[in-house]
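>>> coordinates only, no sequence provided:
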């Protein structure tokens, strides 16, 4: 199961809740993104 984050209110929404209607249940926004995990950058020498 994939979790998305609403761009407007910032709440996390599961993909199961978005199957029927692709809108945020909290604020009715239609803009989402998948939060990425923190990536550590390493400098090459």
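Arrived safely. All values reported here derive from a predicted model rather than from experimental measurement. Numbering: from 1, shown residues only.

>>> going forward, measure contacts and count neighbours with C-alpha atoms only.
Fine.

>>> pull the number of nearby residues for the residue nearest to residue 14 when sequence neighbours are not counted.
Computed as C-alpha to C-alpha, 6 or more residues apart in numbering, the closest residue to residue 14 that is not its neighbour in sequence is residue 3, at 4.3 Å. Residue 3: 15 surrounding residues under other C-alpha atoms under 10 Å.

>>> so what's residue 3 up against?
Taking C-alpha atoms under 8 Å, 6 or more residues apart in numbering as the criterion, residue 3 is in contact with 12-15, 34.

>>> ditto for residue 15
Applying C-alpha under 8 Å, 6+ apart, we find residue 15 in contact with 1-4.

>>> go again using 6 Å as the cut-off
By C-alpha atoms under 6 Å, 6 or more residues apart in numbering, residue 15 lies in contact with 2-3.

>>> how close does it get to residue 35?
According to C-alpha to C-alpha, to the nearest Å, residue 15 and residue 35 sit 13 Å apart.

>>> mind checking pLDDT for the residue nearest to residue 14?
In this prediction, residue 3 carries a pLDDT score of 86.

>>> that one and residue 13, how far apart?
On the measure of C-alpha to C-alpha, residue 3 and residue 13 end up 6 Å apart.

>>> helix/strand/coil for residue 39?
Classification of residue 39 using DSSP: H, G, I helix; E, B strand; the rest coil returns coil.

>>> tell me how many other residues surround it.
6.

>>> ok, residue 37 next?
Using other C-alpha under 10 Å, the number of residues around residue 37 comes to 6.

>>> from residue 28, how far off is it?
26 Å.
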